[in-house]
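**Student:** Need coordinates for the below:
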Amino acid sequence: MRFGRILGALGAALALDVTLALGGVGTAAHAQAQNFPNKPIRLVVPSVAGGILDTVARTIATKMSEEFGQQVIVDNRPGAGGVIGSDLVAKAPADGYTLVKLATSHAINPSIYSRLPYDTLRDFAPVTQTVNLNNLLVAHPSVPANTLRELIALAKARPRTITFGSAGNGQSNHLSGELLKSMAGIEITHVPYKGSAAALTDVVAGNVSMMFVDILSALPHVKAGRLKVIAATGLTRPQAAAEVPTLHESGLPGFNGNSWLGLAAPAGTPKEVVAKISSTVAKILQSPDVRESFLARGVEPVGSTPEQYGAFIEAEIPRWGQAARASGAKVD
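**Tutor:** Numbering: from 1, shown residues only. You can find the predicted model right below:
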């Protein structure tokens, strides 16, 4: 009996120590979140400067700097469809001071690379989906088609002569082109580039027939008459181009070629820190100046919770994976 009482006392003491330890961890995490940030934050953008990914990232970074009172430094690390920049962040300290601007390619890469240097889901802590990107199918004015039906008819009459540019093999605008081919039953030729900006330059020059590209990048060329719009790629018409019919309503029901951007931190970043960044960015995205500016350029602010964004990425991997497998796209 005495021995049992001793064991009971030891067990109670151990339980108390564990409770106090866990309470200490919780208190420390709360304090860390309250003091965050107390130094500059690095936002890795896995693309070249000047593109849609970079433009949205810099807008948000500027506002984050104002909100946090600490500089948010944009660090462009292009290459390999976002893999180089993402890998850098996956291996960074999990303290919230290194973030990555993810794009749709993050959900596509597992299907087109035989091996990645990180696990797409396990090595990142989702922070928030920042925006949805409304895309347009645009063509050089010399292409003798002004509607989707005319384009399909032209492609069937001249197989493989119409070309479409993309940011590279397996990128979302490449897979949108492959989806168009399969759903419309046409043969068009893919021309990959190292980034959307280079592809768009060649479409404007008339060296490539057409491409799928975000509204922000396309509209200046459309307004100047250097490009014409065939259709919008989402299931609904974008606010910035409400007069443009979608592929979905123009004969290809279910076509959805829109893309997205988001923020992530290294896995293991304290949840309280992730939550603080997420809520701050959501506040920025709902501010009237940012929201109106983005919407006018075809960029729809989101600002989801970390849990919502994590579930969204998990759903996007099989969606784009199906398109990648159908296209046969492989990078290595």
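
**Student:** Who's the closest spatial neighbour of Phe124, skipping the chain neighbours?
**Tutor:** Of all residues not flanking Phe124 in the chain, Ala264 sits nearest, at 4.3 Å (C-beta to C-beta, 6 or more residues apart in numbering). The C-beta positions use only the backbone N, C-alpha and C, and glycine is treated the same way.

**Student:** Quickly find the element holding the one you found.
**Tutor:** Using DSSP states H and E, Ala264 sits within strand 259-266.

**Student:** Which strands and helices lie in contact with that strand?
**Tutor:** helix 52-68, helix 83-90, strand 98-103, strand 124-133, helix 271-286, helix 306-327 (3 or more C-beta pairs under 8 Å, 6 or more residues apart in numbering; DSSP states H and E).

**Student:** and the very next helix or strand once past the fourth one, which strands flank it?
**Tutor:** Counting by DSSP H and E, the next helix or strand C-terminal to strand 124-133 is strand 135-139. For strand 135-139, sheet partners with direction are given as strand 210-214 (antiparallel), strand 228-232 (antiparallel), following DSSP bridges.

**Student:** how far does the strand holding Ala264 sit from the chain's center?
**Tutor:** Its chain's C-alpha centre and that of strand 259-266 lie 6 Å apart, by C-alpha atoms, centre = their mean, to the nearest Å.

**Student:** Sheet partners, orientation included, of it?
**Tutor:** According to DSSP bridges, strand 259-266 forms sheet pairs with strand 98-103 (antiparallel), strand 124-133 (antiparallel).

**Student:** Dump those strands to CSV, plus mean neighbour count.
**Tutor:** Listed next are these as CSV, based on neighbours: other C-beta atoms under 10 Å:
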stretch, mean neighbour count
strand 98-103, 27
strand 124-133, 25
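
**Student:** Ok, which of those comes nearest Lys228?
**Tutor:** Of all those, it is strand 124-133 that lies closest to Lys228, at 20.1 Å by C-beta to C-beta.

**Student:** avg pLDDT for that closest one?
**Tutor:** The pLDDT scores in strand 124-133 average 96.

**Student:** That one vs helix 83-90, what angle?
**Tutor:** Here the directions of strand 124-133 and helix 83-90 differ by 140 degrees (axes from the mean of the first three to the mean of the last three C-alpha atoms, to 10 degrees).

**Student:** circling back: give the contact list for the residue nearest to Phe124.
**Tutor:** Counting by C-beta atoms under 8 Å, 6 or more residues apart in numbering, Ala264 touches Val89, Leu99, Val100, Leu102, Phe124, Ala125, Pro126, Val127.

**Student:** farthest pair in the residues you listed?
**Tutor:** Once C-beta to C-beta is applied, those give Val89 and Pro126 as the farthest pair, at 12.3 Å.
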